[in-house]
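In: Just to be clear, the model below is a prediction. Sequence and coordinates:
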Amino acid sequence: MTDTNTDTDLNSNANSAQSDGCWGCQELDRTEAAARAERDASKVSDCRVLRTRHRVAEHGERS
């Protein structure tokens, strides 16, 4: 059995580094962390999609 938490932790660290100072990014980080703690994979996925959309709309990043 493989441990996928390492990949999740790396993604979380990257997301947190990019969310410094942005309330929307921080809120999505908190929501994703809560979903991960609840082991709600669907909600974690939703948060990632919403974060990508937010970054494109608010930060001008390309998807």
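Out: Yes, it's here.
In: Let's see the pLDDT reported for A17.
Out: We have a pLDDT of 48 for A17.
In: ignore the last one, N11
Out: 50.
In: Going toward the C-terminus from the helix or strand bottoming out on mean pLDDT in the chain, what's the next helix or strand?
Out: None of the helices or strands of the chain scores lower by mean pLDDT, DSSP states H and E than helix 5-18, at a mean of 48. For helix 5-18, the following helix or strand on the C-terminal side (DSSP states H and E) is helix 23-37.
In: Grab the CA positions of that following helix and hand them over as CSV.
Out: This file holds the C-alpha atoms of helix 23-37, laid out as CSV (Å, rounded to 0.1, in the frame of the first residue of the first chain):
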residue,chain,number,x,y,z
TRP,A,23,-8.3,36.1,1.6
GLY,A,24,-10.0,34.0,-1.1
CYS,A,25,-7.0,31.7,-1.4
GLN,A,26,-6.7,31.4,2.4
GLU,A,27,-10.4,30.5,2.7
LEU,A,28,-10.0,27.8,0.1
ASP,A,29,-6.9,26.5,1.9
ARG,A,30,-8.9,26.3,5.2
THR,A,31,-11.8,24.6,3.5
GLU,A,32,-9.6,22.1,1.8
ALA,A,33,-7.7,21.3,5.0
ALA,A,34,-11.0,20.7,6.8
ALA,A,35,-12.2,18.4,4.0
ARG,A,36,-9.0,16.5,4.1
ALA,A,37,-9.3,16.1,7.9
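In: And it, what's buried?
Out: Residues 25, 28-29, 31-32, 35-36 are the ones in helix 23-37 that count as buried (16 or more other C-beta atoms under 10 Å). Glycine gets a C-beta too; all of them are placed from N, C-alpha and C.
In: Check stretch 45-59 too.
Out: Buried positions in stretch 45-59, judged by neighbour count with 16+ other C-beta under 10 Å: 47, 51, 54-55.
In: Output that stretch in CSV with nothing but the alpha carbons.
Out: Taking Å, rounded to 0.1, in the frame of the first residue of the first chain, the C-alpha atoms of stretch 45-59 are listed here in CSV:
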residue,chain,number,x,y,z
SER,A,45,-11.3,18.0,-5.3
ASP,A,46,-14.0,20.8,-5.4
CYS,A,47,-11.7,23.1,-3.4
ARG,A,48,-8.8,22.5,-5.9
VAL,A,49,-11.1,23.3,-8.8
LEU,A,50,-12.4,26.4,-7.1
ARG,A,51,-8.8,27.5,-6.2
THR,A,52,-7.7,27.1,-9.9
ARG,A,53,-10.7,29.2,-11.0
HIS,A,54,-10.0,31.8,-8.4
ARG,A,55,-6.3,32.1,-9.4
VAL,A,56,-7.3,32.6,-13.0
ALA,A,57,-9.9,35.2,-12.3
GLU,A,58,-8.2,37.1,-9.4
HIS,A,59,-4.5,36.6,-9.9
